[in-house]
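J.: Fold the following and give me the result.
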Amino acid sequence: MYRKLLTITLSAILTLLAGMAMAQKQTPPEGGQPRDFKLPAKQEFELDNGLSAVMVPYGDVPKVVVSMVVQVGNVHETEKQNGLADIVGNLMQEGTATRNARQLAEEVARLGGSVYVSVGPNETWISGSALSEFGPQLIEIMSDLLKNPAFPDAEMTRIKNDFKRQNNLLRQQPGATAQSKFRGALYPNHPYGRDFPTDEMIDGFTREQVQQFYEQQFGADRTTVYVAGKFDQGAMKEAVTNQLSDWRKGAAPQITVAKPVTKSDMIVMDRPGAPQSTIVFGLPVVDPSHPDYMALRVTNSLLGGSFGSRITRNIREDKGYTYSPSSSLSARYRVGDWAQVADVTTEHTGNSLREILYEINRLATEAPAPEELEGIKNYEAGLFVLRNSSPWGIVSQLNFLKLHDLPDSFLENQVQNIHAITPQQVQQTAQKYMRPKNMTLVVVGDKKTIDPQLKKFQAELKKNPL
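T.: So this is what the prediction gives:
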């Protein structure tokens, strides 16, 4: 009886496995084409002090998200203020003139949400969420945080120590170090290219400097308030007007446009005994306002910017030199840059660079097959649609338009513009922008082992036709 049951069980398993094998051999159904994105109807208004607001009803979930985005970031620091914007943002979360940090957290929690402050290269974001019926109360709390930060001196030491730890951890990560050196090479005379702030610089910041930076840089004229989700438009507009119309106008929006450097350069940072080398290989390219930008995005995705990209298949799937290579197109204010990044085994540092160079040359000399390009375009279009599938996503996309001074059509026509890219355009884009002889190469690794490989690669790069 036992043998009979065992035979039946084995037979069932074999039948199941055979069915699975047949299913794997069958061609999967073709995926649906991403639809064009339709920007939800939005209400925009501006206050007398220069503050602008954008309100977008979106979805049926009874929650509202709010972002108060101020055009103040690391680009507004002087060389001696490296990291000061981060200290200002971190201290803003420690309370206002009438609420301490604990009271802030408790009040927002009672609204069914949260509030946080984040600082980037160009902007400071005060973002929060709450249940829909509490939207006006959320606006009041966030406005208090924006207009009346206390900057408690008692928290300065803790905030500075936390920031030092974060930067020291980044210095220990080869990827972060390589990216910092890469940006420094491309943007040597701009805040985009600054290295991590030193402990001594962070220790030297005072509360007076924090307050002064806030007074000089923050104001209504640099601020946009975004409201998205399910909310009462009349009540939210009234709340924004009542809470922020009395805020000072402040300085006008201003970001110094960087002048990136394009040059063939190699920077090697020694990491003795490292089993891997971290590679960053790239150059300046155009920003999102340029007519070539969409073709450049698709080209990046095909070359190295997606899991199905050529460089990923080559040095990950075929050669096994690395686990997670990727390329990226960074959109900064009025400028941009492209870079291929990979953590590769030390003994194959030179081989990895050689294969990256091979794939760049191949794309520049031979247009991709329509079928390959179609898959990449579907991926890019689908990714774009996913980014717009939540209120936070809508806010992020709208702010992207604002920062880069782009029309709504940049979003609304994006799917069709992606699908309009031809194989010939991709080839021409690679020829025009992916020029290895003009690329900056940063490598963090065991110098003793990789130096001979890099010298050989440099010699090959000099003979490269592009």
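J.: The closest residue to Lys230 other than its chain neighbours and Leu146: what is the separation?
T.: Nearest residue to Lys230 in three dimensions, chain neighbours excluded: Ser132, at 4.8 Å (CB to CB, 6 or more residues apart in numbering). To be clear about C-beta, it is placed using only N, CA and C from the backbone, and glycine gets the same treatment. Using CB to CB, to the nearest Å, Ser132 is found at 22 Å from Leu146.
J.: next one: Val385
T.: 32 Å.
J.: what do you get for Ser409?
T.: Ser409 is 31 Å from Leu146, by CB to CB.
J.: ok, those two, which is more surrounded?
T.: Leu146 (22 against 11; other CB atoms under 10 Å).
J.: Now that one: which helix or strand?
T.: helix 135-147 (DSSP states H and E).
J.: and what of Leu104?
T.: Take DSSP H and E as the rule and Leu104 turns out to sit in helix 101-110.
J.: For that helix, C-alpha coordinates in PDB please.
T.: Listed next in PDB are the C-alpha coordinates belonging to helix 101-110 (Å, rounded to 0.1, in the frame of the first residue of the first chain):
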ATOM      1  CA  ALA A 101       9.600  67.800  18.600                       C
ATOM      2  CA  ARG A 102       7.500  65.400  20.800                       C
ATOM      3  CA  GLN A 103       4.400  67.600  20.600                       C
ATOM      4  CA  LEU A 104       4.800  67.900  16.800                       C
ATOM      5  CA  ALA A 105       5.000  64.100  16.400                       C
ATOM      6  CA  GLU A 106       2.000  63.500  18.700                       C
ATOM      7  CA  GLU A 107      -0.200  66.100  17.000                       C
ATOM      8  CA  VAL A 108       0.600  64.700  13.500                       C
ATOM      9  CA  ALA A 109       0.000  61.200  14.700                       C
ATOM     10  CA  ARG A 110      -3.500  62.100  15.900                       C
END
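J.: what pLDDT, on average, does that helix get?
T.: Across helix 101-110, pLDDT averages out at 96.
J.: Quick one: residues contacting Met142.
T.: Met142 sits next to Val66, Met68, Val115, Ile126, Gly128 when contact means CB atoms under 8 Å, 6 or more residues apart in numbering.
J.: let me fix that: Thr177
T.: By CB under 8 Å, 6+ apart, Thr177 lies in contact with Leu170, Arg171, Met269, Thr278, Val444.
J.: Show me where the stretch 251-400 of the chain has its strands.
T.: 265-270, 276-285, 326-331, 336-345 (DSSP state E, counting those that start in this stretch).
J.: so which of those comes closest to Arg248?
T.: Closest to Arg248 of the strands of the stretch 251-400 of the chain is strand 326-331 (CB to CB; 30.6 Å).
J.: Send over that closest one as PDB, restricted to the C-alpha atoms.
T.: The C-alpha coordinates for strand 326-331 follow below in PDB (Å, rounded to 0.1, in the frame of the first residue of the first chain):
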ATOM      1  CA  SER A 326      23.800  50.000 -13.600                       C
ATOM      2  CA  SER A 327      24.000  53.200 -15.600                       C
ATOM      3  CA  SER A 328      22.100  56.400 -14.700                       C
ATOM      4  CA  LEU A 329      21.100  59.700 -16.200                       C
ATOM      5  CA  SER A 330      21.300  62.400 -13.500                       C
ATOM      6  CA  ALA A 331      19.200  65.500 -14.100                       C
END
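J.: by how many degrees do that strand and strand 276-285 diverge?
T.: 30 degrees (axes from the mean of the first three to the mean of the last three CA atoms, to 10 degrees).
J.: helices and strands around strand 326-331, which ones?
T.: Here strand 326-331 touches helix 293-300, strand 336-345, going by 3 or more CB pairs under 8 Å, 6 or more residues apart in numbering; DSSP states H and E.
J.: still on that earlier bit, and Gly375, which of the strands of the stretch 251-400 of the chain is closest to it?
T.: Nearest of the strands of the stretch 251-400 of the chain (CB to CB): strand 326-331, 16.9 Å.
J.: So which bits of that closest one are buried?
T.: Buried residues in strand 326-331, counted by 16 or more other CB atoms under 10 Å: Ser326, Ser327, Leu329, Ser330, Ala331.
J.: what's next to that strand, contact-wise?
T.: Contacting residues not belonging to strand 326-331 are listed as 282, 285, 287-288, 296-297, 300, 303-305, 309, 311-312, 336-342, 400, 404 [CB under 8 Å, 6+ apart].
J.: try 7 Å
T.: Contact with strand 326-331 is made by 285, 287-288, 296-297, 300, 303-305, 311, 336-341, 404, as judged by CB atoms under 7 Å, 6 or more residues apart in numbering.
J.: partners of it in the sheet?
T.: strand 336-345 (antiparallel) (DSSP bridges).
J.: tilt between the strand it pairs with and helix 293-300?
T.: Angle, strand 336-345 to helix 293-300, by the same axes, to 10 degrees: 10 degrees.
J.: circling back: tell me how many other residues crowd the residue nearest to Lys230.
T.: Counted with other CB under 10 Å, Ser132 comes out at 16.
J.: Let me know the pLDDT of it.
T.: pLDDT recorded at Ser132 is 97.
J.: by contact count, what packs against the following helix or strand past the helix holding Leu146?
T.: The C-terminal neighbour of helix 135-147 among helices and strands, as given by DSSP H and E, is helix 156-171. Packing contacts for helix 156-171, counted by 3 or more CB pairs under 7 Å, 6 or more residues apart in numbering; DSSP states H and E, involve helix 84-92, helix 199-204.
J.: Which residues are in contact with the residue nearest to Val298 when sequence neighbours are not counted?
T.: Distances taken as CB to CB, 6+ apart put Ile421 closest to Val298, at 4.7 Å, once the chain neighbours are dropped. Residues near Ile421 by CB under 7 Å, 6+ apart: Met294, Ala295, Val298, Lys377.
J.: Report the secondary structure state of Ile421.
T.: What DSSP: H, G, I helix; E, B strand; the rest coil gives for Ile421 is coil.
J.: low-scoring stretches of the protein, by residue?
T.: Filtered on pLDDT under 70, the chain yields the residue ranges 1-35.
J.: Nearest the middle, which residue of it would you pick?
T.: With distances taken as CA atoms, centre = their mean, the residue of the chain nearest its centroid is Ser330 (7.5 Å).
J.: hang on, the earlier thing: could you give the angle of the helix holding Leu146 to helix 84-92?
T.: Counting by the same axes, to 10 degrees, helix 135-147 lies at 130 degrees to helix 84-92.
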